[in-house]
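Make a model of this:
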Amino acid sequence: MTRTAVLVICALGIAALPLAADTVAELDRLHEADRHEQIVSLVNAQLSAARTNADRAALLWRLSRAQLTLADYGRWKGEMSDSDATELLREAEANAKRAIDLDSRAAEPRFWKGAAMGLRGQIRGVLNSLFMASDVRDYAVEAIDRNDRYGEAYYLLGQLFRELPGRPLSFGNRDAAVSLLRKAVDLHEQEYRDGVVGVRYFDNYTQLADALWRRNNSADRRRRNHAQAADRYRSASTPLERGSTFEGSQPLPSGSDREEAVRLVEMVVRELSRVSEPTTRDRKDLESARKLLSDWR
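Numbers count the residues shown, from 1 in each chain. The predicted structure follows:
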């Protein structure tokens, strides 16, 4: 290990030992605290000490996650050009692919491979990235096939189905988008209540609200469609089918799609406005929520 790597680990207060549960917990705590540069340093220092392929994969997909987040935040803050962000996302994809090769059973590497591709496609623009859409979808579907309670994969799928055009150009579907994002919210709320995650990811709610606003079903149409969605949910046989019809398994909130959308975004603005020391994630999510409300009024 180089002297620089030792200094990095000492600065973080973490011994350079083979991967252990406390190292994983620290990496995830740093992610929740938006300290992604430290994650990159820590993972790079730990990789050579990892004992098994599964350990190396666990480090690599967390490195991919950190690189994706740095690219996303860098563009949002105006500190990173699109070309630099794209290059960092390619690195994130490569690290996720290395993790897939090391641990083919794990869901997370497949999700982060798809998520990095998806953000790179978003930078290019939807119509310029249609050729990538099916690959992004397939990585996310492979993730939920391995872990059908992996909320982030439903979050990614919901955005894909919302943003893409429908057939024959692509597979966009606004009903599926709403259901998938409801599933992402439901899983996130369960994880937050159970202490699996230590922070609330409010973008789950604004993404669902955006999908509801675009679908724009009236209260009457929501009630009529809910019974059909319930039938489709009961006959679903795969995680994607259950996620795409998840709305039919839940009590239907009152009002129209757009009334529910406004309630969700107002909740996000209210909650994030109370945070005394917001992270970059909090500030970005608050700006996104406020922009949605402004665009809708």
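
Please save the CA atoms from the helix or strand hosting L42 in PDB.
Taking DSSP states H and E as the criterion, L42 maps to helix 36-46. C-alpha atoms of helix 36-46 as PDB (Å, rounded to 0.1, in the frame of the first residue of the first chain):
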ATOM      1  CA  HIS A  36     -18.400  10.800  -2.200                       C
ATOM      2  CA  GLU A  37     -14.800  11.900  -2.700                       C
ATOM      3  CA  GLN A  38     -14.000  10.100   0.600                       C
ATOM      4  CA  ILE A  39     -15.700   6.900  -0.700                       C
ATOM      5  CA  VAL A  40     -13.500   7.000  -3.800                       C
ATOM      6  CA  SER A  41     -10.400   7.200  -1.700                       C
ATOM      7  CA  LEU A  42     -11.400   4.600   0.800                       C
ATOM      8  CA  VAL A  43     -12.500   2.100  -1.900                       C
ATOM      9  CA  ASN A  44      -9.300   2.500  -3.800                       C
ATOM     10  CA  ALA A  45      -7.300   1.900  -0.700                       C
ATOM     11  CA  GLN A  46      -9.300  -1.200   0.300                       C
END
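
What residues of whichever helix or strand comes after it count as buried?
Counting by DSSP H and E, the next helix or strand C-terminal to helix 36-46 is helix 53-76. Under the neighbour-count criterion of 16 or more other C-beta atoms under 10 Å, helix 53-76 has 55-75 buried. Heads up, the C-betas are built off the backbone N, CA and C, glycines and all.

domains of the chain?
The chain breaks down into these domains under automatic domain parsing: 1-147, 172-297.

which stretch among those comes nearest F161?
For F161, the closest of these is domain 172-297, at 4.0 Å, according to C-beta to C-beta.

gap between the two ends of the closest one?
With C-alpha to C-alpha, to the nearest Å applied, domain 172-297 spans 26 Å between its terminal residues.

any weak-confidence spans in the chain?
Across the chain, the ranges flagged by pLDDT under 70 are 1-20, 126-129.

same thing but 50
Scanning the chain for pLDDT under 50 picks out the ranges 1-18.

ranges for the helices of it?
Secondary structure of the chain (DSSP state H): helices at 3-12, 21-32, 36-46, 53-76, 82-102, 108-124, 130-146, 151-163, 174-193, 203-215, 219-235, 239-244, 257-273, 280-296.

Kindly reformat the ones you listed as TSV containing distance to P251.
Listed next are these as TSV, based on distance: least, C-beta to C-beta, whole Å:
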stretch	distance to P251
helix 3-12	45
helix 21-32	30
helix 36-46	37
helix 53-76	33
helix 82-102	37
helix 108-124	28
helix 130-146	23
helix 151-163	19
helix 174-193	11
helix 203-215	15
helix 219-235	9
helix 239-244	17
helix 257-273	12
helix 280-296	24
